[in-house]
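Participant: fold the following.
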Amino acid sequence: DFGHAQVSKARNPQLAIWSQYQRTNYKKLQNGDLLPKITERKIGLLNLVGFEWNCSEYSWYRSFEDLLDFVKEFGHARVPKVYHHNPPLALWASRQQKNYKKYENAASSFDIIITENQIGLLNKVGFEWNFAQDLVRI
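Facilitator: Predicted structure coming up:
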């Protein structure tokens, strides 16, 4: 029906809790848990239906696709802070700038919220890390 395996807590709280439980057990298995509560068979079945093991990564790439649409329409990647056509994109772009500043100043890998791959993708589309978003309105 929905075309994805993302479960909304608002739409189905029980399924969302179950999904998070599967992700937690998958992470434990990946980290070498000797008594995993998830089997390779269950992982395979969940993969067949497109289960998202890392929701934040999925969400990041979905927002990046929105940025690509923005670039196609406007010819640049300077999303204004106030963007009435897609307010979540404006918030996401601002968050990327903040995350990049944290990345530059990170004392440890635990402080890093944005990956080098994500930074590379944003650089490829001309994302401006220090763009004064308040100056532009679209």
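Participant: point out where this protein drops to low pLDDT.
Facilitator: 1-5, 107-112, 131-138 (pLDDT under 70).
Participant: can you tell me the centre-most residue of the chain?
Facilitator: Closest residue to the average C-alpha location of the chain: residue 60 at 2.2 Å, with Cα atoms, centre = their mean.
Participant: contact partners for that one?
Facilitator: Residues counted as contacts of residue 60 (Cβ atoms under 8 Å, 6 or more residues apart in numbering) are residue 118. In this view, the C-beta of every residue, glycine as well, is placed from N, C-alpha and C.
Participant: and after whichever helix or strand it is part of, which helix or strand comes next?
Facilitator: Assessed by DSSP states H and E, residue 60 sits inside helix 55-74. Sequence-wise, the next helix or strand downstream of helix 55-74 (DSSP H and E) is helix 87-104.
Participant: tell me what angle that following helix forms with helix 55-74.
Facilitator: Compare the direction of helix 87-104 with that of helix 55-74 by axes from the mean of the first three to the mean of the last three Cα atoms, to 10 degrees and you get 110 degrees.
Participant: which residues outside the next helix or strand after helix 87-104 are in contact with it?
Facilitator: Where DSSP H and E defines the elements, the next helix or strand beyond helix 87-104 is helix 116-124. For helix 116-124, contacts defined as Cβ under 8 Å, 6+ apart pick out 60, 64, 67, 77, 96, 100, 103.
Participant: how far off centre is helix 116-124?
Facilitator: Distance of helix 116-124 from its chain centroid, counting by Cα atoms, centre = their mean, to the nearest Å, is 13 Å.
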